[in-house]
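J.: any chance you could fold what I've pasted below:
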Amino acid sequence: MARRATTVFAALAAADAVLAGLGRDRLRWLTKPLLMPVLMAGSDRSSRRPLAFGAAGDVALLGNGDVAFTAGLVCFLAGHVAWIATLRQRPGGGRLRSRPALALPYLAAFASLNAYLWQRTGKDRIPVLGYSTALLAMALTALDSGSRRASAGGALFMLSDSLLALEKFAGIRLPAHEGLVMATYTSAQALLALPRPQPGFVGRERL
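T.: Next up is the predicted model:
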């Protein structure tokens, strides 16, 4: 069941990223709302709450305007808090206590992005700062878990949301920007959610 759900999710995520990159927003109503529910079918129970918030945020961001964007922001903020709680329950944490320097690139990225956006976010300055702080905390919690998958997922989530913020508040768009946002976002959620391989079966998961 988990393997089938993962395969379906990968196909949906690829299709949605392509549609996003091409600007086919109407067709994305057929793909984007299904992403997190399908991923939930292949994940363990502890991951379902943050994924449910992600699903709500995905639907909200299909809308247009500030209300839709704010609703999506609130949903993903709740999702980051839920991921922090979920990751802390998993065994094997404490990576940052032994190697705190690993957090420096995350802190540098956080500080640089917020410094760049500070004069561009206007009335949204404090909400954006609060959201990015929760995002940073989630990524550091994933890093602290010692799991390569979770660490990569947290880093990709920071990248995805940074790209989204740069587009929204600074007008910076890369080629196929929306497709890149979705590709990094869906990869992040999958890496955070999917069960770890069993030791001795797929290989070592621990760092």
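J.: what's the mean pLDDT across whichever helix or strand residue 36 is part of?
T.: Residue 36 belongs to helix 35-41 when assigned by DSSP states H and E. Computed over helix 35-41, the mean pLDDT rounds to 96.
J.: for residue 34, list the residues it contacts.
T.: Residues counted as contacts of residue 34 (Cβ atoms under 8 Å, 6 or more residues apart in numbering) are residue 12. Where you see a C-beta, it was placed from the backbone N, CA and C, and this is true even at glycine.
J.: from residue 167, how far off is it?
T.: Distance, residue 34 to residue 167, by Cβ to Cβ, to the nearest Å: 24 Å.
J.: now do residue 158
T.: Taking Cβ to Cβ, one finds residue 158 at 15 Å from residue 167.
J.: and the residue nearest to residue 50 when sequence neighbours are not counted, its phi and psi?
T.: Nearest residue to residue 50, sequence neighbours excluded (Cβ to Cβ, 6 or more residues apart in numbering): residue 82, at 3.8 Å. Residue 82 adopts backbone torsions of phi -70, psi -40, taken as degrees, to the nearest 10.
J.: likewise residue 90?
T.: Per-residue torsions, residue 90: phi -80, psi 150 (degrees, to the nearest 10).
J.: pLDDT score assigned to it?
T.: In this model, residue 90 is scored at 89, pLDDT.
J.: before we move on, the earlier item: show me what contacts the residue nearest to residue 50?
T.: Contacts of residue 82 (Cβ under 8 Å, 6+ apart): 49, 50, 53.
J.: so which of the residues you listed comes closest to residue 145?
T.: Residue 145 lies nearest to residue 50 out of those, by Cβ to Cβ, at 14.0 Å.
J.: remind me what whichever strand or helix holds that closest one packs against, helices and strands.
T.: Following DSSP H and E, one finds residue 50 within helix 48-60. The contact analysis (3 or more Cβ pairs under 8 Å, 6 or more residues apart in numbering; DSSP states H and E) places helix 48-60 against helix 35-41, helix 66-89, helix 177-193.
J.: so which of these is nearest residue 103?
T.: Taking Cβ to Cβ, helix 66-89 is the member of these nearest to residue 103, at 14.8 Å.
J.: cool, thanks, talk later.
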